[in-house]
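J.: all I have is the shape, not the residue letters:
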């Protein structure tokens, strides 16, 4: 029982650290989060990604909350390649989207969710396709539908960009092959 209490407290602490990341505290907060993740992997990692997604406003409209979630957005953007390189990245992303924190209002399946995540995190074309492929494993039939539409839109753009430039980053393209 003591182990589960310790895990529950660690998850609450991760949530608090993510939500309270500010200009002066964000580096220390995220360093502490990574220590907690190392102690309680994989559950803490899953909860951390969920907290990050839940703390960011992905609404299709520019809002004043963009300043409020600046550090969370910046951190998720920096961590996104690391998340994509993990063998469990589809389950990490789907868990975050399928089960937002209870305190989050208005966050749910939306036809704009993939484009908003891409816009807010400034994803590359390869990352956009990988995001869509991951979301095809969502437990929400709406998200799966939107993900398939997204892939139909973004995959031709990725191929066209590759044909035009002749360049496709090796690591992200391997991710597409290994997770499809």
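T.: On my side now, so go ahead. Quick caveat: nothing in here was measured; it's all calculated off a predicted structure.
J.: in the chain, which helix is the longest?
T.: Counting by DSSP state H, the longest helix found in the chain is helix 141-165.
J.: quick one: contacts of stretch 8-22?
T.: By C-beta atoms under 8 Å, 6 or more residues apart in numbering, the list of residues contacting stretch 8-22 from outside reads 29-30, 32-33, 36-37, 39-40, 43-44, 47-48, 51-52, 55, 71-72, 75, 101. In short, each C-beta sits where N, CA and C put it, glycine included.
J.: what does stretch 148-168 give?
T.: With C-beta under 8 Å, 6+ apart as the test, stretch 148-168 has contacts from 111, 114, 115, 125, 126, 128, 129, 131, 132, 133, 135, 136.
J.: sort these by pLDDT and name the bottom one.
T.: Least confident entry in those, by pLDDT: residue 111, with 82.
J.: quick one: secondary structure of it?
T.: Assigned with DSSP: H, G, I helix; E, B strand; the rest coil, residue 111 falls in the coil class.
J.: what's near enough to touch it?
T.: Contacts for residue 111 were tallied using C-beta under 8 Å, 6+ apart; they are 146, 149.
J.: what are the ranges of the strands in the protein?
T.: Counting by DSSP state E, the chain has no strands to list.
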